[in-house]
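Novice: give me a 3D structure for the following:
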Amino acid sequence: MATPPILSYEGLGLIQCSGWLFQDIDLHIGPRDRLALIGRNGAGKTTLLRLIADQIESDRGKRTIVPGTNVVMLAQDPDFSDHARLIDFAVHGANGPAEHDVQAIADQLGIDLMRPSASASGGEKRRAAICRALAQEPDLLLLDEPTNHLDLGAIDWLEDWLSRYNGAFIAISHDRTFLTRLTKQTLWLDRGSLRRKEIGFGGYDAWMEKVYAEEARAAEKMDAKLKIEAHWLERGVTARRKRNQGRLEKLYEMRAQRAAMLGPSGKAKLAVVSDDVRTKSVIVAEDISKSFGEGAEKHTIIRNFSLRIQRGDRIGVVGHNGAGKTTLLKLLTGDLQPDSGSVTHAKTLDGVIIDQQRSLMAPDKRVRDVLAEGGDWIDVRGIRKHVQGYLKEFLFDPGIVDTKVGILSGGERSRLLLAREFARASNLLVLDEPTNDLDLETLDLLQEVIADYDGTVLIVSHDRDFLDKTVTVTLGLDGSGAVDIIAGGYADWEAKRRETKKQKPAAKSKETAAKTALKPAATKTKLSYKDQRDYDRLPDHIAMLESEMAEIEAQLADPDLYSKDADKFAALTASLDGKRTEKEASEERWLLLAEEVEAMAAQG
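Specialist: Next up, the predicted model:
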């Protein structure tokens, strides 16, 4: 490490229940480290963060911290019970931040901190917790699932803030895109040990595969069986990757087929479909609209939306909080009726809905009670399976079959819920924010289960990587009532938005120029030479940066790049970060100049 650490642990160990959760861990955190903390549910990731934050004591080890270092933790589930309003939570504590500092961040995040805590949504509470953490000006920021309950706009804001942050951070997250964009080093908590690699999360999969392969070779040489969880013995990292590559190829084929059924503008071709396609349709929405409120308060959520959903489609729904994602989902499933237009369902449609509230399972129930009503066998979509064997399919140790639900972690409870719901016979699966509380391995499993599901899937999610690897069609909402229909995943929708954004400055520039040309010469107020030059050149420069970023991202998408050429991987990652920062600065500069031009045109 080039610079001295600001916080270190030597020989760290912690006992949990009947044994060591981890032991003999050495950890050194530098002043500018950007660390991804990776590990399975139950490995102790959150516990390790709490140790670093000095919230709990270790059973072994020495903690050293540079005097004056401010360590702040953004907890996954902060407790608001003793705080009447969100602002009360945000400024709480002896070292709590000043109210005006908290409010400044709240204004940027778009959160009303005067809202009562009891009626606040999960997203509002998460924003309030972010305001509290960031306003404390931490030297070391500990982030436990920071994107949970956040919409895409808030995630973009947080990513931008962290990219400019001068301190160090450690992030636990299931959001692969978030980790890939921001982290420079990776901590891997695995089977009681902690490994560190000077690579961002983008290189984690290749590193993990290499480590397991080396362990397997060492075990063979010793003629001993490697003690790895049943998950790895049964599935295998390399085998899983090959299967997932095959599934992705199939997904791309499905997207191409779906693109052929959508018009150039993204409108479904409802009027000109064959009888064969009609018979495959499971949900048909024709020109539906939905508004809430009356008179001046009336707000249109969905306007003139049409789509034919076929058997086997995987539909992703994206947009910021309040844009109408859940409303659209309820319209499509029949839980809500449109104000105009119609939604028709196939007579055989039989759906399973797994919602974001995750109705709590009774904590005193055993795992076998949840899955098999106390028995030993479970019917999985018509196939009889032993409950312990079925648990292994969802990455559980079969020995937990008689464990009480209340003892399981939040991620394990979510996984158990998925196991129960996926066992039910159905031909429509509805997932509302399914990735919350799931670790990366469970997300991989969920992607596989969805890919192998015989029916149709509707997914509301803010997890960009998950959508890119899962859905065939993306419905994008911007809150105006319009719905983009894109063949592909989140990245395809984002590319369309970038293209639209790029076209708008050009159109705006022409419109402004035309208005200015009509003004008398004597009343014109001109930009300076430098400002005018930037105003003229930046749209093309931004487009060039986007093209270069796309080329780099295409190279980084190669799963074998890191193992083949780690230096090239690091160089490409650094280059992408630099171009992303330059693009954001260029966009901000152009928008400021455009506002100046508009203001001058109006005054003239």
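Novice: all helices of the stretch 101-250 of the chain, in order?
Specialist: Assigned by DSSP state H, counting those that start in this stretch, the stretch 101-250 of the chain shows helices spanning 122-135, 152-164, 176-182, 204-221, 230-235, 237-259.
Novice: same question, the stretch 501-604 of the chain
Specialist: Using DSSP H, counting those that start in this stretch, helices in the stretch 501-604 of the chain cover 529-556, 561-564, 566-603.
Novice: chain center to the helix or strand harbouring Ser306: distance?
Specialist: Element membership of Ser306 [criterion: DSSP states H and E] is strand 299-310. Centroid separation for strand 299-310 versus its chain: 25 Å, with C-alpha atoms, centre = their mean, to the nearest Å.
Novice: distance of Ala554 relative to Arg255?
Specialist: Distance, Ala554 to Arg255, by C-beta to C-beta, to the nearest Å: 17 Å. In short, each C-beta sits where N, CA and C put it, glycine included.
Novice: which of these two has more residues huddled nearby?
Specialist: Regarding Ala554 and Arg255, a neighbour count based on other C-beta atoms under 10 Å identifies Arg255 as having more, with 20 against 9.
Novice: thought that one was touching Thr474?
Specialist: No - using C-beta atoms under 8 Å, Arg255 makes no contact with Thr474, being 9.7 Å away.
Novice: shared neighbours, these two?
Specialist: Counting by C-beta atoms under 8 Å, 6 or more residues apart in numbering, the common neighbours of Arg255 and Thr474 are 488-489, 492.
Novice: how close does the spatially closest residue to Thr348 that is not a sequence neighbour get to Thr344?
Specialist: With C-beta to C-beta, 6 or more residues apart in numbering as the criterion, Thr348 has its nearest non-adjacent residue at 6.8 Å, and that residue is Asn427. Using C-beta to C-beta, one obtains 16 Å as the distance from Asn427 to Thr344.
Novice: grab the most central residue of this structure for me.
Specialist: Asp463 (2.8 Å; C-alpha atoms, centre = their mean).
Novice: just say helix, strand or coil for the residue lying closest to it once chain neighbours are set aside.
Specialist: With sequence-adjacent residues excluded and distances taken as C-beta to C-beta, 6+ apart, Asp463 is closest to Thr435, at 4.4 Å. Under the three-state scheme (DSSP: H, G, I helix; E, B strand; the rest coil), Thr435 adopts coil.
Novice: picking that back up, can you add distance to Gly30 and pLDDT and give the shared contacts of Arg255 and Thr474 back as TSV?
Specialist: Formatted as TSV, these follow (distance: C-beta to C-beta, whole Å; pLDDT from 0 to 100):
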residue	distance to Gly30	pLDDT
Gly488	39	89
Gly489	35	90
Asp492	38	87
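Novice: quick check: which ranges of the stretch 301-450 of the chain have low pLDDT?
Specialist: 355-360 (pLDDT under 70).
Novice: ends of stretch 135-147, what's the gap?
Specialist: Taking C-alpha to C-alpha, to the nearest Å, stretch 135-147 runs 18 Å from one end to the other.
Novice: and it, average pLDDT?
Specialist: For stretch 135-147, mean pLDDT is 94.
Novice: check stretch 166-175 too.
Specialist: 94.
Novice: and that stretch, what's buried?
Specialist: Buried residues in stretch 166-175, counted by 16 or more other C-beta atoms under 10 Å: 167-175.
Novice: closest to Arg247 among the residues you listed?
Specialist: The closest of those to Arg247 turns out to be His174 (C-beta to C-beta; 19.1 Å).
Novice: which ones are touching that closest one?
Specialist: 145, 435-440, 443, 463.
Novice: before we move on, what about Lys568?
Specialist: With C-beta under 8 Å, 6+ apart, Lys568 has these contacts: Leu561.
Novice: what about it, distance to Phe201?
Specialist: 17 Å.
Novice: and the residue nearest to Asp463, how many neighbours?
Specialist: So Thr435, with other C-beta under 10 Å, has 23 neighbours.
Novice: show me what contacts it?
Specialist: 174-175, 443, 446, 461, 463, 466.
Novice: take those residues and lay them out in JSON lines including distance to Leu35 and secondary structure.
Specialist: Formatted as JSON lines, the contacts of Thr435 follow (distance: C-beta to C-beta, whole Å; DSSP: H, G, I helix; E, B strand; the rest coil):
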{"residue": "His174", "distance to Leu35": "16", "secondary structure": "coil"}
{"residue": "Asp175", "distance to Leu35": "15", "secondary structure": "coil"}
{"residue": "Leu443", "distance to Leu35": "20", "secondary structure": "helix"}
{"residue": "Leu446", "distance to Leu35": "25", "secondary structure": "helix"}
{"residue": "Ser461", "distance to Leu35": "25", "secondary structure": "coil"}
{"residue": "Asp463", "distance to Leu35": "21", "secondary structure": "coil"}
{"residue": "Phe466", "distance to Leu35": "22", "secondary structure": "helix"}
